[in-house]
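Asker: this one's sequence-less:
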Ligand SMILES: *Cc1c(COP(=O)(O)O)cnc(C)c1O
């Protein structure tokens, strides 16, 4: 999907579905995150079509966008969830999720998080180390239950993406070296507190080719053969998330382009009985959102022109963190204004506070800009740095809009802080 499918330009004004963006800016203020319900559904249905007729489960990668309203949409569509913390577990339960469709990933699961997930009755713990396996077994035994486990293996494949979002190489902190996995599975088999149910990998994010997935799958299938020879039978194979989206000129594969060869490989290797789990985050929400922001000032310096906007790195961290590229489009493109090259920056006192660089645009002070592809790793990574309230979030459905998270108030930002009273 291109970034603008549900954010069309109509009569010279950018819309979210059927609502002109200036109307949303007037009603809710800026900076404002706007999500299209139709875009969420479109993205979901591309996965749903790709798995039709197969035993497969899509577990939405919650950290991409964890607003309850977004989680609720996916829950209603039949999604499971991939969580990485006890906090995310609370969120998805609050959104109405069925815990039996939940997988729990992450390298640092704490005791309370494991207890909480065992009590909820989740589908699977994706275990990332020998030490975690031991802790999980101990807690399960103490509670008198068996923890369903899958090892997250590191297949040592290069996802060919940004180093910060590549997770399947030997040097990453994630997963268990695939060569050590058989031994760990054998240990798990001995623990009365553990029930082996699957195998898992997640090789990175914003992946735009299918080859790395197929390489990883091959290695996982080899591992499953080795385990079978040891009498260890699995119920599912989890290929993780990571499918990319188009931010600018990327051409990521559609879910069907990825899954057709995956199902074919499973069948060819006699593994058609395994349930396939996927954990997509970005590809379900990334292009379903924009960040709406207003230009406060245009500033011309000898070296550069700056458009200083009311959104900043605290609202959208990806450019500062990964030098990520987001499309920036004027909400009401001007015809009479000269096009100049601008860096789009926020008000935060950091030189890293930029949202886009070197964009040729016809801009005037007070104009609204839409920062595209802001549905994933955008609000969910936001902070209150510089004592800036986090932005409001709105969900649009046709001509209707819902405020799904109000803008934080200034008082909320320090309400929990205390000044010590000394005698
Ligand atoms: C972040 C994450 C995902 C989702 O990744 P996307 O690139 O957003 O699809 C899935 N699984 C795990 C284990 C993750 O850490």
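Answerer: Nice, thanks for sending it over. These figures come from a predicted structure and were not determined experimentally. Residues are numbered from 1 along each chain as shown.

Asker: Could you tell me which residues make contact with the closest residue to the ligand within the stretch 301-423 of the chain?
Answerer: At 6.1 Å from the ligand, residue 376 is the closest residue in the stretch 301-423 of the chain, using C-beta to the nearest ligand atom. Glycine gets a C-beta too; all of them are placed from N, C-alpha and C. Taking C-beta atoms under 8 Å, 6 or more residues apart in numbering as the contact definition, residue 376 lies against 64, 65, 245, 281, 282, 284, 285, 286, 289.

Asker: at 7 Å what do you get?
Answerer: Shown in contact with residue 376 (C-beta atoms under 7 Å, 6 or more residues apart in numbering): 64, 65, 281, 282, 285, 286.

Asker: same question, residue 271
Answerer: Counting by C-beta under 7 Å, 6+ apart, residue 271 touches 221, 224.

Asker: likewise the one 4 residues further on?
Answerer: For residue 275, the residues meeting the contact criterion (C-beta under 7 Å, 6+ apart) are 55, 56, 57, 235, 236.

Asker: element containing residue 326, please.
Answerer: Assessed by DSSP states H and E, residue 326 sits outside every helix and strand.

Asker: show me what contacts it?
Answerer: 247, 319, 355, 356, 371, 372, 373, 374.

Asker: So which of the residues you listed belong to strands?
Answerer: When the contacts of residue 326 are checked against strands (DSSP state E), the matches are 355, 356, 371.

Asker: Highest neighbour count among those residues?
Answerer: Tallying neighbours with other C-beta atoms under 10 Å puts residue 355 at the head of the ones in strands among the contacts of residue 326, with 28 neighbours.

Asker: That one against residue 316, yeah?
Answerer: Yes: look at residue 355 against residue 316 with C-beta atoms under 7 Å: they come within range, at 6.0 Å.

Asker: hey, what's in contact with both of these two?
Answerer: residue 371.

Asker: buried stuff in the host helix or strand of residue 212?
Answerer: Using DSSP H and E, residue 212 sits within helix 211-229. Buried residues in helix 211-229, counting neighbours by 16 or more other C-beta atoms under 10 Å, are found at 212, 213, 214, 215, 216, 217, 219, 220, 221, 223, 224, 227.

Asker: go on, stretch 131-139?
Answerer: Buried residues in stretch 131-139 (16+ other C-beta under 10 Å): 132, 133, 134, 135, 136, 137, 139.

Asker: Leaving out sequence neighbours, find the closest residue to the last one.
Answerer: Looking back up the chat, that one is residue 139. Computed as C-beta to C-beta, 6 or more residues apart in numbering, the closest residue to residue 139 that is not its neighbour in sequence is residue 114, at 5.1 Å.

Asker: Same question for the second one.
Answerer: Once flanking residues are discounted, residue 133 sits nearest to residue 127: 5.0 Å by C-beta to C-beta, 6+ apart.

Asker: residues near that neighbour, how many?
Answerer: Neighbours of residue 127 (other C-beta under 10 Å): 29.

Asker: ok, now which ones touch residue 253?
Answerer: Counted by C-beta under 7 Å, 6+ apart, residue 253 has contacts residue 210.

Asker: going forward, begin numbering at 845 instead of 1
Answerer: Okay, using 845 as the starting number, the last item reads as residue 1097.

Asker: How about the secondary structure of it?
Answerer: coil (DSSP: H, G, I helix; E, B strand; the rest coil).

Asker: Isn't residue 879 up against residue 1132?
Answerer: Yes: using C-beta under 7 Å as the test, residue 879 is close enough to residue 1132 to be in contact (5.4 Å).

Asker: Settle it for me: which of these two has more neighbours?
Answerer: residue 1132 (33 against 28).

Asker: which residues of the stretch 1095-1244 of the chain fall in helices?
Answerer: 1099-1112, 1126-1129, 1162-1166 (DSSP state H, counting those that start in this stretch).

Asker: Highest mean neighbour count out of those helices?
Answerer: Comparing these by mean neighbour count (mean count of other C-beta atoms under 10 Å), helix 1126-1129 ranks first with a mean of 29.

Asker: starting at the chain centroid, how far to it?
Answerer: How far helix 1126-1129 lies from its chain's middle: 6 Å, per C-alpha atoms, centre = their mean, to the nearest Å.

Asker: Return the list of helices and strands in contact with that helix.
Answerer: The contact analysis (3 or more C-beta pairs under 7 Å, 6 or more residues apart in numbering; DSSP states H and E) places helix 1126-1129 against helix 881-895.

Asker: who touches the helix or strand just after the helix it packs on?
Answerer: Next along the chain after helix 881-895, taking DSSP H and E as the criterion, comes strand 900-905. By C-beta under 7 Å, 6+ apart, the list of residues contacting strand 900-905 from outside reads 891, 895, 918, 923-926, 945, 947, 1085, 1119-1125, 1128.

Asker: hmm, 8 Å instead?
Answerer: Counting by C-beta under 8 Å, 6+ apart, 888, 891-892, 895, 915, 918, 923-926, 945-947, 1080, 1082, 1085, 1103, 1119-1126, 1128 sit against strand 900-905.

Asker: pLDDT of whatever helix or strand residue 868 lives in, averaged?
Answerer: For residue 868, the host element (DSSP H and E) is helix 865-872. Per-residue pLDDT over helix 865-872 has a mean of 98.

Asker: Show me what it is packed up against.
Answerer: strand 857-860, strand 876-880, strand 1133-1144, strand 1212-1215, strand 1236-1241, strand 1244-1249 (3 or more C-beta pairs under 8 Å, 6 or more residues apart in numbering; DSSP states H and E).
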